[in-house]
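Q: Turn this into a structure:
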Amino acid sequence: MDSASQDINLNSPNKGVLSDFMTDVPVGPGVASRAQAVEGLTEVEEEELRAELAKVEEEIITLRQVLAAKERHCGELKRRLGLSTLGELKQNLSRSWHDVQVSTAYVKTSEKLGEWNEKVTQSDLYKKTQETLSQAGQKTSAALSTMGSAISRKLGDMRNSATFKSFEDRVGTIKSKVVGSRENGSDNLPSSPGSGDQPLSDHAPF
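A: Have a look, this model is predicted:
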């Protein structure tokens, strides 16, 4: 007896296995194709959707071809007008920045930043910090001014001191002698000490 007849035997321990297996077997090929289809659609609706899908795909291909032709024509026009890629890039960046500025997100962000700036400038911490910096600047300016006054006063005291006046008188004397010697010629130059008016010796050594 083969295995199939053994499974059919009611006394067999494998009874019911063949019947369960037979329930999973499709009745016909049409049932299998319909099982894979979307639930809730009839055959007519499925055919209509497939036809519409094919039409949309064909339109997409046509639009791509038209777009490619338009891009080639646009590139030819730009070449004849002498428009470079760099100029086009600048225009695109400028247009993009303008679009960003007029966008809702940018406007809201600018308004939010303005509100934060106003809150910060009106806060007590900001005011105290500004006052502290202002006071520090004033103290620094006052210290520099005091230092400058002290230096000027010190220089004035030095000029009025006896040592500086004596040095200044000596410099004036030397300057007057040098200027006078240049005006009177080399004959009136001061003679070296010890020379006097002694005549030259007749037997001066060579």
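Q: all contacts plus neighbour counts: C-alpha atoms, from now on.
A: Noted.
Q: continuing past the longest helix seen in the chain, what's the next helix or strand?
A: Within the chain, and with DSSP state H defining each element, the longest helix by residue count is helix 43-81. Using DSSP states H and E, the helix or strand that follows helix 43-81 in sequence is helix 85-102.
Q: The longest helix of the chain versus helix 85-102: what angle between them?
A: 120 degrees (axes from the mean of the first three to the mean of the last three Cα atoms, to 10 degrees).
Q: Show me what helix 43-81 is packed against.
A: Taking 3 or more Cα pairs under 8 Å, 6 or more residues apart in numbering; DSSP states H and E as the contact definition, helix 43-81 has no neighbouring helices or strands.
Q: pLDDT on it, on average?
A: Here the mean pLDDT over helix 43-81 is 94, rounded to a whole number.
Q: do the same with stretch 93-113
A: Averaging pLDDT along stretch 93-113 gives 86.
Q: and what of stretch 150-158?
A: Averaging the model's pLDDT scores along stretch 150-158 yields 84.
Q: what's it in contact with?
A: Under the contact criterion Cα atoms under 8 Å, 6 or more residues apart in numbering, stretch 150-158 has outside partners Phe164.
Q: ok, and for it, which residues are buried?
A: Within stretch 150-158, not a single residue qualifies as buried, counting by 16 or more other Cα atoms under 10 Å.
Q: Distance-wise, check Ser176 relative to Glu76.
A: Distance from Ser176 to Glu76, counting by Cα to Cα, to the nearest Å: 90 Å.
Q: same question, Glu57
A: Remark: distance between Glu57 and Glu76 (Cα to Cα) = 29 Å.
Q: Between the two ends of stretch 153-170, what distance do you get?
A: Distance across stretch 153-170, first residue to last, is 24 Å (Cα to Cα).
Q: Now the closest residue to Gln101 other than its chain neighbours: which helix or strand?
A: Of all residues not flanking Gln101 in the chain, Val107 sits nearest, at 6.9 Å (Cα to Cα, 6 or more residues apart in numbering). Here Val107 is covered by helix 104-121, with elements defined by DSSP H and E.
Q: Direction-wise, compare that helix with helix 85-102 and give the angle.
A: Compare the direction of helix 104-121 with that of helix 85-102 by the same axes, to 10 degrees and you get 60 degrees.
Q: Quick one: name whatever helix or strand follows helix 104-121.
A: On the C-terminal side of helix 104-121, the closest following helix or strand by DSSP H and E is helix 124-160.
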